[in-house]
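> what shape does this take:
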Amino acid sequence: MSKGKVLVAMSGGIDSSIAAMLLHEQGYEVIGITMKTWDYASAGGSKKETGCCSLDSINDARMMAVKHGFPHYILDIREEFGDFIIDNFVDEYLAGRTPNPCVLCNTHIKWEALLKRANMLGCDFIATGHYAQVRKEPGRSASEADRYVISKGLDENKDQSYVLWGLSQESLRRTIFPLGAMRKTEIKQLAIDRGYTELANKSESYEICFVPDNDYRGFLKRRVEGLEERVDGGNFVLTDGTVLGQHKGYPFYTVGQRKGLELAMGEPMHVLEIVPETNTVVLGTKDELEKREMLVRNFNLIKYAELPAQFEALTKIRYKDPGAMSTLTMEDGQIKVLFHTKVSAIAPGQSAVFYEGNDLIGGGFITRKARVLG
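Modelled structure (predicted):
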């Protein structure tokens, strides 16, 4: 008897392919779907087409479906992806922030697209190959609804809960993560045991899908006509406003950056802040890069319906960040984060994600405090 009908997002890579295969073997009625999110030809760059939107990857996903006897569809969402994700990516850099396209894509594009098609196809669930886990928790009172909680994947090195903080309770209610309780080594061995040695050895891309050569500066230049002329010749300054030299345009730098500044100084300098209002990039020492506080906007809560006035949590400020203990308080509709020890390179626009043990409390975007230097 079928455990239900599930729509599985298949990129053609090992994780989503094995996720679909496992669900099929467990008795689910599987439908595979590959989302084409961008057009390589329009992105430019010099690298050969790779990743989830390449023809080879689409064919790999389809072959897995054919071999196991379940349907497979290709969903073209290039228009909605480009309008929202790529436009936001450009806008964030022009606003002096460092964007988080994978978080936005998961929240506003992939899950929405999957749920919409799942409803059309009569599917009970959707599934992906993310390394994360989801469970149902009963409400803490008679008046509080049950909550669906994301926790870290068993494999800490592959855990992807960081990029899932934006998902809604409705999305999580219908989501399955088949790989959450498995390690990557197990997944690879499983692929080999099933005769998918080539899949197990397939290289994985960690780049932004629409920046295949990993050159976001080149992407911005191609995307925004006349950008170089508009932003060239701004000043590198110290925190006191002392001018150190000129840079090539504020969108081409990120907080924490040390290499590529092309300045001869007595000690290594890092980007502390980006001020688009004056095309200024503020530099300082490694010690000056370390901060204790930040504000987080547009947050979404996963584990709890609301937070108490003050709450302690482990806060991660980037994907591979091990995290640091912090105290969270509400301040004018934002979350104020006070770290118990200083952390380095807090980049506005990146995600701040909060954990209680292995459970994901929620997350939001780090706020940039507007400042205009002379």
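> what about residue 330, how many residues nearby?
Applying other C-beta atoms under 10 Å, we find 15 residues neighbouring residue 330. The way it works is simple: take the backbone N, C-alpha and C, and place the C-beta from them, glycine included.
> ok, now which ones touch it?
Residue 330 makes contacts with 307, 309, 336, as judged by C-beta atoms under 8 Å, 6 or more residues apart in numbering.
> now these: which count as buried?
When the contacts of residue 330 are checked for burial by 16 or more other C-beta atoms under 10 Å, the buried set is 307, 336.
> of the contacts of residue 330, which belong to strands?
The strands, defined by DSSP state E, take in residue 336 from these.
> can you list the contacts of residue 330 in JSON lines and add pLDDT?
Formatted as JSON lines, the contacts of residue 330 follow (pLDDT from 0 to 100):
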{"residue": "307", "pLDDT": "89"}
{"residue": "309", "pLDDT": "88"}
{"residue": "336", "pLDDT": "96"}
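> same list (the contacts of residue 330) but as a markdown table, adding distance to residue 343.
Formatted as a markdown table, the contacts of residue 330 follow (distance: C-beta to C-beta, whole Å):
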| residue | distance to residue 343 |
| --- | --- |
| 307 | 20 |
| 309 | 23 |
| 336 | 14 |
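> ok, the contacts of residue 330 vs residue 282, which is closest?
residue 336 (22.3 Å; C-beta to C-beta).
> residues contacting the closest one?
By C-beta under 8 Å, 6+ apart, the neighbours of residue 336 are 293, 294, 295, 296, 328, 329, 330.
> redo those as CSV? Include pLDDT, secondary structure and distance to residue 144.
Formatted as CSV, the contacts of residue 336 follow (pLDDT from 0 to 100; DSSP: H, G, I helix; E, B strand; the rest coil; distance: C-beta to C-beta, whole Å):
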residue, pLDDT, secondary structure, distance to residue 144
293, 95, strand, 31
294, 96, strand, 30
295, 96, strand, 28
296, 96, strand, 24
328, 97, strand, 20
329, 96, strand, 22
330, 92, strand, 19
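> could I have the buried ones of these as ChimeraX selection syntax?
Only the buried entries of the contacts of residue 336 go into this ChimeraX selection, using 16+ other C-beta under 10 Å:
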select :294,295,296,328
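> can you tell me the element residue 116 falls in?
helix 111-120 (DSSP states H and E).
> what comes up buried for that helix?
Neighbour-count burial for helix 111-120 flags 111, 113, 114, 115, 117, 118 (criterion: 16+ other C-beta under 10 Å).
> and for that helix, what's in contact with it?
Under the contact criterion C-beta under 8 Å, 6+ apart, helix 111-120 has outside partners 7, 9, 33, 35, 73, 75, 77, 80, 123-126, 128, 167-168, 170-171, 174-175.
> now with 7 Å, please.
Where contact means C-beta atoms under 7 Å, 6 or more residues apart in numbering, the residues beyond helix 111-120 that reach it are 7, 9, 33, 35, 75, 77, 126, 167, 171, 174.
> residues in contact with the closest residue to the second one other than its chain neighbours?
Setting aside the residues directly before and after it, residue 9 is nearest to residue 128 in space (C-beta to C-beta, 6 or more residues apart in numbering), at 4.7 Å. When contacts are counted by C-beta under 7 Å, 6+ apart, residue 128 is found next to 9, 16, 19, 177.
> residue 72 versus the third one, what's the distance?
In other words, residue 19. 14 Å (C-beta to C-beta, to the nearest Å).
> same check on the last one?
Summarising the geometry, the distance separating residue 177 from residue 72, computed by C-beta to C-beta, is 20 Å.
> go on, the second one?
Look at residue 16 and residue 72: by C-beta to C-beta, they are 12 Å apart.
> confirm residue 81 sits in a helix?
Yes: note on residue 81: a helix contains this position according to DSSP: H, G, I helix; E, B strand; the rest coil.
> the closest residue to it other than its chain neighbours: neighbour count?
Of all residues not flanking residue 81 in the chain, residue 37 sits nearest, at 4.3 Å (C-beta to C-beta, 6+ apart). Residues lying near residue 37 (other C-beta under 10 Å) number 24.
> a markdown table for the contacts of helix 111-120, including secondary structure?
Output for those, formatted as a markdown table (three-state DSSP):
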| residue | secondary structure |
| --- | --- |
| 7 | strand |
| 9 | strand |
| 33 | strand |
| 35 | strand |
| 75 | strand |
| 77 | coil |
| 126 | strand |
| 167 | coil |
| 171 | helix |
| 174 | coil |
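> from these, list just the buried residues.
Buried, going by 16+ other C-beta under 10 Å: 7, 9, 33, 35, 77, 126, 167, 171, 174, out of those.
> could you single out the nearest of those residues to residue 214?
For those, the closest approach to residue 214 (C-beta to C-beta) belongs to residue 35, at 21.5 Å.
> isn't that closest one right up against residue 75?
Yes: between residue 35 and residue 75 there is a contact under C-beta atoms under 7 Å: 4.9 Å.
> now do the helices in the stretch 51-200 of the chain.
For the stretch 51-200 of the chain, applying DSSP state H, counting those that start in this stretch gives helices covering 55-68, 78-81, 87-94, 101-104, 111-120, 169-173, 184-193, 197-200.
> tabulate those (TSV), appending mean pLDDT and distance to residue 240.
Formatted as TSV, the helices of the stretch 51-200 of the chain follow (pLDDT from 0 to 100; distance: least, C-beta to C-beta, whole Å):
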stretch	mean pLDDT	distance to residue 240
helix 55-68	88	51
helix 78-81	87	43
helix 87-94	95	26
helix 101-104	91	35
helix 111-120	94	46
helix 169-173	96	47
helix 184-193	95	48
helix 197-200	88	55
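> to residue 352, which of those lies closest?
Short answer: helix 101-104, nearest of the helices of the stretch 51-200 of the chain by C-beta to C-beta, at 10.9 Å.
> quick one: low-confidence ranges for the stretch 101-250 of the chain?
Residue ranges of the stretch 101-250 of the chain with pLDDT under 70: 205-206.
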